[in-house]
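S.K.: build the 3D model from these lines:
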Amino acid sequence: MYVIGVTSCATGIAHTYMAANAIRKACKKRGYKVKVETQGAVGVEHRLTEENIKAADLIVFANDVQITDMGRFKGYEDKIKRITPDGVIRNPDSIFD
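M.R.: Model (predicted):
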């Protein structure tokens, strides 16, 4: 399984990166391939490509604020799981529910 994610929080500092780590750890624990884009105070890091999005089995949005460039995900809505950064930090396994 290939999981991708986008994380962002109101301040773009701690929770953005903590949520990304939680997603990575949950996926690695299951042996899943994973890539997470962070949209934090320093801007977009580890940007997801069209190839990443197309190949993904699951797309996780862990965000409190609008995700930049949402148009990239048009047509993939059935793969998207939405959760708050705090939600994925507290219960990373919930992304697989």
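
S.K.: got the contact list for the residue lying closest to K35 once chain neighbours are set aside?
M.R.: Spatial nearest neighbour of K35, excluding adjacent residues (CB to CB, 6 or more residues apart in numbering): I4 at 5.1 Å. For every residue, glycine as well, the C-beta is placed using N, CA and C. Taking CB atoms under 8 Å, 6 or more residues apart in numbering, we find I4 in contact with V34, K35, V36, E37, L48, N52, I53, A56, L58, I59, V60.

S.K.: okay, the residues you listed in CSV with secondary structure, neighbour count and pLDDT next?
M.R.: Converted to CSV, the contacts of I4 look like this (DSSP: H, G, I helix; E, B strand; the rest coil; neighbours: other CB atoms under 10 Å; pLDDT from 0 to 100):
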residue, secondary structure, neighbour count, pLDDT
V34, strand, 20, 99
K35, strand, 19, 99
V36, strand, 23, 99
E37, strand, 21, 98
L48, coil, 19, 99
N52, helix, 16, 99
I53, helix, 16, 99
A56, coil, 22, 99
L58, strand, 18, 99
I59, strand, 21, 99
V60, strand, 29, 99
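
S.K.: closest to G12 out of those residues?
M.R.: Comparing the contacts of I4 against G12 with CB to CB places E37 closest, at 12.9 Å.

S.K.: what bridges to the closest one?
M.R.: Beta bridges link E37 to V6 when assigned by DSSP bridges.

S.K.: my guess is it contacts L48. True?
M.R.: Yes - counting by CB atoms under 8 Å, E37 touches L48, with 4.7 Å between them.

S.K.: any common contacting residues for the two?
M.R.: In contact with both E37 and L48: I4, V6, using CB under 8 Å, 6+ apart.

S.K.: good, we can wrap up now.
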